[in-house]
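Asker: Fold the stuff below for me.
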Amino acid sequence: MQTPPTAPSADAISTQVAAIWNDVLRVPDGAPAGATFFELGGQSISAVRITARIEEELGVEVDMGDLFEDPDLATFIRDITARSGAGAA
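Answerer: Have a look, this model is predicted:
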């Protein structure tokens with residue numbers, strides 16, 4: 001009997017989403033605390049790239065509008081983590 005694959009942890013999701021965000025927005029040392037997607041030069045094409053990579057790499061469906069509604073990284077990560085079911089009891 002095969003065991004089902006383990007869902008990534010909230011920490012793993014957080015790390016991967018931040019890495020995607022920093023890569024697409026070309027923030028080599030990581031986004032400063034409180035910096036928003038728009039303050040870092042984000043625009044619609046970068047939003048498409050971020051959401052597509054999250055869907056591809058994490059398997060979590062993300063609407064581009066989610067990024068515009070929650071433009072700070074911490075809130076965006078919290079939303080992605082909740083949507084993934086990571087850490088759910």
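Asker: Off-centre distance for the helix or strand containing Glu55?
Answerer: According to DSSP states H and E, Glu55 maps onto helix 44-58. Distance of helix 44-58 from the chain centroid (C-alpha atoms, centre = their mean, to the nearest Å) equals 8 Å.
Asker: For it, which helices and strands make contact with it?
Answerer: Under the contact criterion of 3 or more C-beta pairs under 8 Å, 6 or more residues apart in numbering; DSSP states H and E, helix 44-58 touches helix 10-24, helix 64-69, helix 73-84. Bear in mind the C-beta positions are built from the backbone N, C-alpha and C, glycine included.
Asker: chain center to the last one: distance?
Answerer: Relative to the chain's own centre, helix 73-84 is displaced by 7 Å; criterion: C-alpha atoms, centre = their mean.
Asker: now that helix: mean pLDDT?
Answerer: In this model, helix 73-84 carries a mean pLDDT of 88.
Asker: how about that helix: buried residues?
Answerer: By 16 or more other C-beta atoms under 10 Å, the buried positions in helix 73-84 come out as 73, 76-81, 84.
Asker: Go through the residues you listed and name the one nearest Arg49.
Answerer: Phe76 (14.0 Å; C-beta to C-beta).
Asker: Surely that closest one and Val17 touch.
Answerer: Yes. Between Phe76 and Val17 there is a contact at 7.0 Å, judged by C-beta atoms under 8 Å.
Asker: Now stretch 36-54: average pLDDT?
Answerer: 94.
Asker: Can you check the distance spanned by that stretch, start to finish?
Answerer: The first residue of stretch 36-54 is 18 Å away from its last residue (C-alpha to C-alpha, to the nearest Å).
Asker: Show me the contact partners of it.
Answerer: Residues from elsewhere that reach stretch 36-54 (C-beta atoms under 8 Å, 6 or more residues apart in numbering): 17, 20-21, 24-27, 31, 60, 62-64, 66-68, 71-73, 76, 80.
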